[in-house]
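**Q** Next come a sequence and a model predicted from it.
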Amino acid sequence: MDYEILKLTTDENIAIVTISRPQALNALNSLFFKEMDSMIQQVSAMTEIRVMIITGEGKAFVAGADIAEMVDMTPEHGIAFSKTGQNTFRSLEKMEIPVIAAVNGFALGGGLELAMGCDFRIASNKAKFGQPEVNLGMIPGYAGTQRLPRLTSLGDALFLLMSGEMINAEDALRIGLVQKVVEPEQLMEETLKIAKTIASKGPLAVKKVKYVARAGRMMHFEDGCNLEAEFFGTQFKAEGEEGMRAFLEKRKANF
Ligand code: CO8
């Protein structure tokens, strides 16, 4: 598919997806979701790719769903548009490889929901975060009410959801919404460094960590532990033997 909004580049075995609609602060419209669904499929089919990074071009990561496209929606259309976005962001969680958000600027509304659909978030110290839907008389529609309280404390989530306030990157770090804050000019360098560190590990082990940690969140604790034990067992022959032998032989593992 030819992309209008998304750009795909690669660096070694890392895929970098850049949202490029800076004139509208990368606001998410229907075309974005079509393209992102297609991009997820395309990158998933690139077997050499071990990590995907999502970032935005210009001063925003994403300033939300496209308000101009939403203003005249009927309730039925609203439900459909909400489900489209929910499904796309869920597909990021379902990708086997890790997905990192490199948050370069505003991550508001649907933009924060996109960042929260990624596995973790590295932010520029210029980034701003918020769920401003209540300012528009709306509520989040891409699972923000569900993911935010799972990533932060319920109090921090409800503060953001109810007040519509924007917080800076330091506060986002404090509440656990982002994992690292860096200077703007170091954002891609640092995110790539983290991605390459992950890419140097046992690729199947990394995929299984993602799967079992995410699946476990939806399960009873004991069921999650059983899944972990099962995956732990299958890793021995898949990659563990090579990894542990390499350690004992004081050499780099050949994953
Ligand atoms: N949608 C459409 N256009 C936008 C959006 C947006 N979310 N955000 C910014 N733009 C446009 C502006 O209209 C402007 O366009 P133009 O140049 O043609 O006037 C351009 O981007 C630049 O924006 P500003 O001039 O406003 O830039 P500033 O630096 O002055 O301000 C802000 C930056 C503070 C980010 C400001 O643009 C802003 O407040 N934006 C809206 C933020 C917002 O409310 N986001 C939440 C949207 S709702 C949402 O995401 C719900 C998700 C779930 C939807 C479920 C579907 C049913």
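**A** Ah, there it is.

**Q** for the longest helix seen in the chain, the distance to its chain's centre please.
**A** Ranked by number of residues, the top helix in the chain under DSSP state H is helix 75-94. Its chain's C-alpha centre and that of helix 75-94 lie 15 Å apart, by Cα atoms, centre = their mean, to the nearest Å.

**Q** what residues does the stretch 51-200 of the chain put near the ligand?
**A** Those residues of the stretch 51-200 of the chain that sit near the ligand, judged by Cβ under 6 Å from any ligand atom, are 63-68, 78, 81-82, 85, 106, 108-110, 132-133, 135-136, 138, 140-142. No exception for glycine: its C-beta is placed from N, CA and C like everyone else's.

**Q** change it to 5 Å
**A** 63-67, 78, 81-82, 106, 108-110, 132-133, 141-142 (Cβ under 5 Å from any ligand atom).

**Q** Tell me which two in those are the farthest apart.
**A** Gly78 and Phe106 (22.9 Å; Cβ to Cβ).

**Q** Looking at these two, which is more packed in?
**A** A count of neighbours by other Cβ atoms under 10 Å puts Phe106 above the other of Gly78 and Phe106, at 25 against 13.

**Q** who's that one bridged to?
**A** Beta-bridge partners of Phe106, counted by DSSP bridges, are Ala60, Lys128.

**Q** Same question for Gly56.
**A** Ile19.

**Q** Test my guess that it contacts Asn26.
**A** Yes. The criterion here is Cβ atoms under 8 Å, and Gly56 meets it with Asn26 at 4.7 Å.

**Q** how many neighbours does the closest residue to Leu158 other than its chain neighbours have?
**A** Among residues not flanking Leu158 along the chain, Pro149 sits closest, at 7.4 Å (Cβ to Cβ, 6 or more residues apart in numbering). For Pro149, the count of nearby residues is 16 (other Cβ under 10 Å).

**Q** and Pro149, how far is that from Phe32?
**A** Pro149 sits at a distance of 25 Å from Phe32 (criterion: Cβ to Cβ, to the nearest Å).

**Q** What segments of the stretch 51-200 of the chain are helices?
**A** Assigned by DSSP state H, counting those that start in this stretch, the helices in the stretch 51-200 of the chain fall at 67-70, 75-94, 110-117, 144-151, 154-163, 169-174, 187-199.

**Q** counting contacts, what elements does the third one pack onto?
**A** Helix 110-117 is packed against strand 51-56, strand 60-62, helix 75-94, strand 99-103, strand 128-130, helix 144-151, with contacts defined by 3 or more Cβ pairs under 8 Å, 6 or more residues apart in numbering; DSSP states H and E.
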